[in-house]
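K.L.:
With the input below, show me the fold.
(chains A and B)
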Protein chains: 2
Amino acid sequence: MHAMGVEARAAAATLAHADSDVKTRALRGAAGAVRARASEILAANVRDLDEAGHAKLGASLRDRLMLDEERIDAIARGLDAVAEFPDPVGAVMASWTRPNGLVMSRVRTPLGVIGIIYESRPNVTADAGGLCLRAGNAAILRGGSESFHSSSALVACLHDGLREAGLPESAVQLVPTRDRDAVGLMLAMSDCIDVIVPRGGRSLIERVQNESRIPVIAHLEGICHVYVDRAADLEKAREIVLNAKLRRVSVCGAAETLLVDRAIATTVLPSMLAALAAGGCEIRGDAATSALYPMARAASEQDWRTEYLDAILSVRVVDDADAAIEHINTYGSHHTDAIVTEDQVAAERFLDRVDSAIVLLNASTQFADGEEFGMGAEIGISTSKLHARGPVGAEQLTSFKYVVRGNGQVRP
Amino acid sequence: MHAMGVEARAAAATLAHADSDVKTRALRGAAGAVRARASEILAANVRDLDEAGHAKLGASLRDRLMLDEERIDAIARGLDAVAEFPDPVGAVMASWTRPNGLVMSRVRTPLGVIGIIYESRPNVTADAGGLCLRAGNAAILRGGSESFHSSSALVACLHDGLREAGLPESAVQLVPTRDRDAVGLMLAMSDCIDVIVPRGGRSLIERVQNESRIPVIAHLEGICHVYVDRAADLEKAREIVLNAKLRRVSVCGAAETLLVDRAIATTVLPSMLAALAAGGCEIRGDAATSALYPMARAASEQDWRTEYLDAILSVRVVDDADAAIEHINTYGSHHTDAIVTEDQVAAERFLDRVDSAIVLLNASTQFADGEEFGMGAEIGISTSKLHARGPVGAEQLTSFKYVVRGNGQVRP
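P.N.:
Numbering: from 1, shown residues only, chains lettered A, B, ... in the order given. Predicted coordinates for the structure are as follows:
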């Protein structure tokens, strides 16, 4: 593990001063390799799925793990998109001159070596490796053990690209072991790793936050809410709720809790919940919900704190927008939350007061995605408040320095 | 300790939505109180100095601790400057529209509750409290025990301002105990504190980084370098070196190591070191330095890693700019480093490759200061690479959120 760190540190020193064109060539090369080696990647994925099949694997985890031709093509397109993304390194973020003639500028720099600890989604391997590379960082990737073969096949593609561009392969390394010790070792390697990016459930994030001696950009679970206000356009509300919950249930931007304003609950809930149920969704409601929709199971206190990542929705009737804000700030994970309303005052109050990385008005929480934000690709959605909050793309994987140019100034 | 945290969290919720004008009034009120209560603050400072006098207190620590009328006026002016600084909260940092019509914006928000752990410089109490307030954050301040009376007197002034503006006094709290347990308790209060800002020597920072369960913006010591290149203007070099070392020896931007290009060492060193010695500076040199300036003591390996904060300078002759860069990246603290040269190629290489928060060309390292950067005041110079690097002013004490406004968009 430590040898990987030392190699990553050396690779980072090379990458930090690599030309944009060279990094772009590596990314395009990697995208090409993903397309050329698609059948190899699929075979590795089948091996992962076979091995996982013997263990108990939920439908949601299986969906995250599974690759098909379409998903592999999406991975290649993701790398191409990152290649096209302007190189953040060296960009002058701001520049100003002081009265004493000193010319100051704030210039983007790479972070160095980034350690990424994530669950079993093979596409994260390519996205994270590609984004680190775009921003001039070396990456040490520790993916879920269930996706090890798929991730290895994708890292081989990244290595193809790096080799083509004349960059060191050690710029992207996959932790080879399947055992759990690797995570603990990574978290202590503050001499070789500059930032840890964990992406996964609450227990992983809490472990990393408690144990890490390295700064962390946390990607916590998404307990996302849609609040349907009394002034909602009911047709929009229905479309948004169905999309937020059911478009894809295993992504972090999927809604887990629906909050409905008491003033319109009778009008809205029966048909909306019936439509969700028709889409295969299980409903867990508070007493007011069950009164309007008797097929709902009773929601427990724990339901409000649960990221199902499955076709299950908890539903609560609240007194007004303030009660919705209070619920979200208490039970949510500060990830992504939406209000549906035509009332601008209620909307602005919600957008201001909900303490989440992403707040939406009249749009689905499933837009919580770097690509949808125009960032090319993302490592995930940061729920940290420091450094990077929300989608983490190449720009969020940089630091900066102040460059001060003078002509002999001394301080009085 | 925990009760303070709960009160701070409640105050932060109020501050987060306080009008700019109200926060400005609190800051102006605090500045006025510092002026009105100057004699009271001086008396508290005398008490601190008296108590410290019995303990062994170095000249540098005494200089940091001591207040006089001029320094108290500077503290009041600092608060006025922060009051004038535009409120960062609510500022739209970027805004763009996606092809699907979603309007996205990135909006500054407060961080929440900030815990600041610092050494015995009373002015930090006012600067840190004021900056947190400007950015809508609550502050829990844990200053060095030697400055407790001075800090208490300054916090009373901040409370005057908060009261005048109708804001809760618990927005700025000083940890009342002098015992060391408070730091450990603060570092575990992740439910009440959002960010820890330690400011002090290496042992404090390392303790905080190892122990904290809360994200840290580290303010490490400044092992700052001046490198005098073969193409330096020698008059500029002399002025800059003398200023960087001797203007004020106890600040983090004071130079601790002078690196001189071998090609000009014979020309430069004897007179430069004599001038430094005439200014009261002790010289510790490598063998090449001692050969040119026999009064130098021999520098040990440890000298290259030492922040003297005193009238002592370590001096090394290096082969060229690359050797200087290598020395700085190896032994420095990634804080502030300067090159003196008229060679633009060497200059740009140094500015690019020295991995420090602030890099300067032909200017004194003593400019490492938020006020000199135009930020009004600062908590200190961050040596972290995440979030805030370099001077930490009000803007650096904020987070942001993404606000997305739609009209019914769902994700395909």
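
K.L.:
residues contacting whatever residue of the stretch 251-400 of chain A ends up closest to chain B?
P.N.:
Among the residues of the stretch 251-400 of chain A, residue A:363 lies closest to chain B, at 3.2 Å counting by CB to the nearest CB. Bear in mind the C-beta positions are built from the backbone N, C-alpha and C, glycine included. Listed by CB atoms under 8 Å, 6 or more residues apart in numbering or on different chains, the contact partners of residue A:363 are A:240, A:338, B:102, B:404, B:405, B:406, B:408, B:409, B:410.

K.L.:
for residue A:211, same thing?
P.N.:
Residue A:211 neighbours (CB under 8 Å, 6+ apart): A:184, A:187.

K.L.:
Buried residues in the least confident helix or strand in chain A by mean pLDDT, which are they?
P.N.:
Across the helices and strands of chain A, the lowest-confidence element by mean pLDDT, DSSP states H and E is helix A:59-65, at a mean of 80. Going by neighbour count (16 or more other CB atoms under 10 Å in any protein chain shown), the buried part of helix A:59-65 is A:60, A:61, A:64, A:65.

K.L.:
any weak-confidence spans in chain A?
P.N.:
A:54-57, A:177-180 (pLDDT under 70).

K.L.:
from the buried residues of helix A:59-65, which is closest to residue B:381?
P.N.:
residue A:64 (42.7 Å; CB to CB).

K.L.:
Leaving out chain neighbours, which residue sits closest to residue A:207?
P.N.:
With CB to CB, 6 or more residues apart in numbering or on different chains as the measure, residue A:183 is the residue that lies nearest to residue A:207, at 7.6 Å, once sequence neighbours are left out.

K.L.:
For that neighbour, give its distance to chain B.
P.N.:
Separation of residue A:183 from chain B (CB to the nearest CB, to the nearest Å) stands at 17 Å.

K.L.:
Each with direction, which strands does the top strand by length along chain A pair with?
P.N.:
When chain A is scanned for its longest strand (criterion: DSSP state E), the result is strand A:398-409. In the sheet, strand A:398-409 lines up against strand A:103-110 (antiparallel), strand B:358-363 (parallel) (DSSP bridges).

K.L.:
Next, the contact list for the residue nearest to residue A:20 when sequence neighbours are not counted, please.
P.N.:
Leaving aside its sequence neighbours, residue A:20 sits nearest to residue A:87 (CB to CB, 6+ apart; 3.9 Å). When contacts are counted by CB under 8 Å, 6+ apart, residue A:87 touches A:20, A:23, A:24, A:134, A:136.

K.L.:
quick revisit: looking at the contacts of residue A:363, spot the one nearest residue B:314.
P.N.:
Nearest to residue B:314 among the contacts of residue A:363, with distances taken as CB to CB, is residue B:404, at 53.7 Å.

K.L.:
Was I right to think that closest one contacts residue A:361?
P.N.:
Yes: using CB atoms under 8 Å, residue B:404 is in contact with residue A:361, at 7.0 Å.

K.L.:
So those two - more neighbours on which side?
P.N.:
Counted by other CB atoms under 10 Å in any protein chain shown, residue B:404 and residue A:361 do not tie: residue B:404 has more neighbours, with 26 against 22.

K.L.:
mind listing what that one touches?
P.N.:
Residue B:404 touches A:358, A:359, A:360, A:361, A:363, A:367, B:102, B:103, B:104, counting by CB under 8 Å, 6+ apart.

K.L.:
Against residue B:402, how distant is the first one?
P.N.:
Separation of residue A:358 from residue B:402 (CB to CB, to the nearest Å) stands at 5 Å.

K.L.:
joint contacts of these two?
P.N.:
Contacts common to residue A:358 and residue B:402, judged by CB under 8 Å, 6+ apart, are residue A:390.

K.L.:
okay, the two: which has more neighbours?
P.N.:
residue A:358 (27 against 22).

K.L.:
burial count for residue A:184?
P.N.:
12.

K.L.:
In what element of secondary structure is it found?
P.N.:
Residue A:184 belongs to helix A:181-188 when elements are defined using DSSP states H and E.

K.L.:
Return the residues of the stretch 101-250 of chain A in contact with chain B.
P.N.:
The stretch 101-250 of chain A comes close to chain B at residues A:102, A:104, A:109, A:111-112, A:190, A:194-195, A:209-210, A:213, A:215-217, A:233, A:235-236, A:239-240, A:242-244, A:247, as judged by CB under 8 Å from any CB of the partner chain.

K.L.:
Only the buried subset of these, as a ChimeraX command please.
P.N.:
A single ChimeraX command is used to select the members of these judged buried by 16+ other CB under 10 Å:
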select /A:102,104,109,111,112,190,194,195,209,213,215,216,217,233,236,239,240,242,243,244,247
